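> please work out how this folds:
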Amino acid sequence: MTDVGERQPALFLIGHGSRSAAGVDQYWQLAELVRRLRPDLTHGCGFIELARPDLDTALDDLVDSGVKSVVAVPLVLLGAGHLKTDGPAALARGRARHPEVDFTYARDLGIHPGVLAVAEDRIRATQVAAGASNRAVLLVGRGSTDPDANADLYKVARLLEDARGLGMVEPAFVSLARPSVTDGLDRCRRLGATSVAVVPYFLFTGRLVDRIGQQARAWAEVHPDTAVAVGSELGPDHRVARLVIERYDEARTDGAFMNCDCCIYRTVLPGYEHRVGRPAAGASHTH
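Reported below is the predicted structural model:
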């Protein structure tokens, strides 16, 4: 933890936590990447569940170090219950215990070009093992009872499929939502795929990521005509670390932003580079 600055809020990383020691270790690796990007800040770390320190303890420790303001950045890819309830609840408890400290909640990582680039790298690495003929990608998310988060995975799949040369990208979920991993593999096969790269859309590894691999390999055993390769989660990556700083800066400057992260007029996306910076104009539809 760095020396306390009077002007800049502390950066507090909210992790979910995991029973997997490897998954927790990946969280700490990402936290270190973030710290190296901004060594001038005071940094704090805590988990919602399944790992230590818990959010309340970590926030108290941060306040005890002397900070007067905190920006909490949730390490969440797709916003669901933990983002919408657990994170805000922890900050509300922090405000009640420390009314003299200003607590701000940043946006989730969300659907962002940096995250998409990491996912594309994981997909390409997996496709090498799966083979190149009639290929498909099964992008597997956690699954949620929140339809908003489930719908976002479909958007991610579409953005990855469009103009990147990855082949078709089908979404699936390992729990709480459908299509399941096996449903998704069945669909890829029916659509003509003879090789499928199964890629977990998870930030860190854990039991659910292991389950994705187990289910995919079990399916492959009874479908020997389809080559299946299982890829890795996104993991700690410098592009994700830079996005954490971006979310911190947004919240610190009280910016209220429309979600333009993947707007073709603002952001360079494969196949749409010519659209960046073009003036907005009304469209004429004759159909």
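
> how about the strands in the stretch 1-150 of the chain?
Assigned by DSSP state E, counting those that start in this stretch, the stretch 1-150 of the chain shows strands spanning 10-15, 43-47, 69-74, 102-105, 135-141.

> tell me which helix or strand residue 152 sits in.
Remark: residue 152 resides in helix 147-161, with elements defined by DSSP states H and E.

> ok now that helix, how far from the chain's centre?
Distance, stretch centre to chain centre, for helix 147-161: 12 Å (CA atoms, centre = their mean, to the nearest Å).

> and if you look at stretch 213-229?
Chain-centre distance of stretch 213-229: 26 Å, with CA atoms, centre = their mean.

> and if you look at stretch 125-136?
Distance, stretch centre to chain centre, for stretch 125-136: 23 Å (CA atoms, centre = their mean).

> identify the residues contacting it?
Contacts to stretch 125-136, defined as CB atoms under 8 Å, 6 or more residues apart in numbering, come from residues 137, 166-170, 188, 191-199, 227-232. C-betas here are computed from N, CA, C, even on glycine.

> try stretch 189-200
With contacts defined as CB under 8 Å, 6+ apart, stretch 189-200 is touched by 119, 122-123, 126-127, 129-140, 167-168, 170, 174, 181, 185, 188, 208-209, 212-213, 216, 223, 225-233.

> can I have the buried ones of these as a ChimeraX selection?
Here is the ChimeraX command that selects the buried residues among these (16 or more other CB atoms under 10 Å):
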select :119,122,123,126,127,130,131,134,135,136,137,138,139,140,167,168,170,174,181,185,188,208,209,212,213,216,226,227,228,229,230,231,233
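
> just the ones of the contacts of stretch 189-200 in helices?
Mapping those onto helices (DSSP state H) picks out 119, 122-123, 126-127, 129-130, 181, 185, 188, 208-209, 212-213, 216.

> now, among those residues, which is nearest to residue 91?
Ranked by distance to residue 91 (CB to CB), those are led by residue 208 at 26.3 Å.

> now the end-to-end length of stretch 165-180.
Distance between the two ends of stretch 165-180: 25 Å, counting by CA to CA, to the nearest Å.

> what sits up against it?
For stretch 165-180, contacts defined as CB under 8 Å, 6+ apart pick out 120, 123-124, 127, 135-145, 150, 153-154, 156-158, 160-161, 181, 183-185, 187-188, 191, 193, 200, 208, 211-212, 215.

> list the residues that contact residue 149.
Contact partners of residue 149, counting by CB under 8 Å, 6+ apart, are 78, 79, 80, 141.

> taking those, tell me the two that lie furthest apart.
Longest span within these, CB to CB: 79 and 141, 12.2 Å.
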